[in-house]
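> Here's my sequence, what's the structure:
(one chain, ligands or ions: 1)
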Amino acid sequence: MKVWVPSQAAADVLADLPDVECTVFDGTTPPPDNADEVEVWIPALVPLRDLAGMFARMPKLRLVQTVTAGVDAYLPHIPEGVTLCNARGVHDAGTAEWAVAAMLAVLRDLPYFAAKQRECEWAYRHTDVLADSTVLIVGYGSIGEALERRLAGFEVDVIRVARSARQLPDGRKVHGQEELPQLLPLADVVVLLVPATPDTAGLVDAGFLARMRDGAVLVNAARGSVVDTDALLAELTAGRLRAALDVTAPEPLPPDHPLWRAPGILITPHVAGSTPASQRRALKLIRSQMLRYLSGEPLRNVITGSY
Ligand code: GLV
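Have a look, this model is predicted:
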């Protein structure tokens, strides 16, 4: 069976599986010439630009196992009869850690002090703090849970929001998305972790932002499409909100985009999950999914398809 894998490390973890023949394709070179024979494709972190064109050249494809949690790039193009599985869990640690780092960086003015360090300037001043604040997590799934665990030592209140309200086994409450208008004014930090779907496109619009507290921080570790960039830019330019973004619309953000230079913003280039922790977890998932696929056991994390 021909399998495309995103790295030599992925080929190595599958090396002992019988009948599995891996070709490394990391998306930065033209596709290998055996596309028409590939049955399983494990694409690299950054999706190909022309996925529809790629799929059209893969008639034997049966399974796409992403190494991303979000599958918004794949879903619209996935061919009939092909199963799509995501990497739920793989990026929980990396992304949750990025969100903590990003909110701390903005609240403690680290970009300001880093700029002053470059000028060798001892620029003493007081900063904001995370302690005693309220963090609202919008899109409370496995990454949200990992974030809440990491926030446990920071003396904050956490409010959880998911598509529909539920109670966690220990009694903690997850609010439904429809409660956001009442919850937003309570938060000092709003962390976006929702998947990009038609439902969440533009969720963070001018009205959403207007309900956030003066000085509150928007942290986006979801997708750029969830936020109305112009509306956010207006709030940042007015100095009313602050933001930390790992994802933007457009992405990559062009060099001349005004968001780069907006006041109170920290931008990282979609790197929350690009760490050795995620790589280690991705390799584990790849191996366990391939073992399941080969033995006919049900796959984990099936998003669409019936394998
Ligand atoms: C990264 O953006 C992911 O979806 O895992």
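
> chain center to the longest helix seen in the chain, what's the gap?
The single longest helix within the chain, with elements called by DSSP state H, is helix 276-295. Averaging C-alpha positions (CA atoms, centre = their mean, to the nearest Å) puts helix 276-295 19 Å from its chain's average.

> So is the helix or strand just after that helix next to the ligand?
Once helix 276-295 ends, the next helix or strand along the chain (criterion: DSSP states H and E) is strand 302-304. No. Strand 302-304 does not reach the ligand (CB under 6 Å from any ligand atom); its nearest approach is 11.8 Å. No exception for glycine: its C-beta is placed from N, CA and C like everyone else's.

> and strand 302-304, which strands flank it?
Its sheet considered, strand 302-304 pairs with strand 83-85 (antiparallel) by DSSP bridges.

> Now the longest helix of the chain: buried residues?
Of the residues in helix 276-295, 278, 279, 281, 282, 283, 285, 286, 287, 289, 290, 293 count as buried by neighbour count, 16 or more other CB atoms under 10 Å.

> repeat for stretch 64-76
Buried residues in stretch 64-76 (16+ other CB under 10 Å): 64, 65, 66, 67, 68, 69, 70, 71, 72, 73, 74, 75.

> The first one pairs with what?
Yep, that's residue 64 we're talking about. Counting by DSSP bridges, residue 64 is bridged to residue 41, residue 84.

> Verify the stated contact: it with residue 86.
No. Contact between residue 64 and residue 86 fails when scored by CB atoms under 8 Å: they sit 9.6 Å apart.

> wait, what's in contact with residue 42?
Residue 42 is in contact with 3, 4, 5, 6, 10, 64, 65, 66, 67, 286, counting by CB atoms under 8 Å, 6 or more residues apart in numbering.

> can we see that at 6 Å?
The contact partners of residue 42, taken as CB atoms under 6 Å, 6 or more residues apart in numbering, are 5, 6, 65, 286.

> Same check on residue 251?
Counted by CB under 6 Å, 6+ apart, residue 251 has contacts residue 224.

> Look at it and tell me its secondary structure.
Secondary structure state of residue 251, per DSSP: H, G, I helix; E, B strand; the rest coil, is coil.

> how much space is there between it and the ligand?
10 Å (CB to the nearest ligand atom, to the nearest Å).

> and the stretch 1-150 of the chain, which residues reach the ligand?
68, 69, 70, 91.
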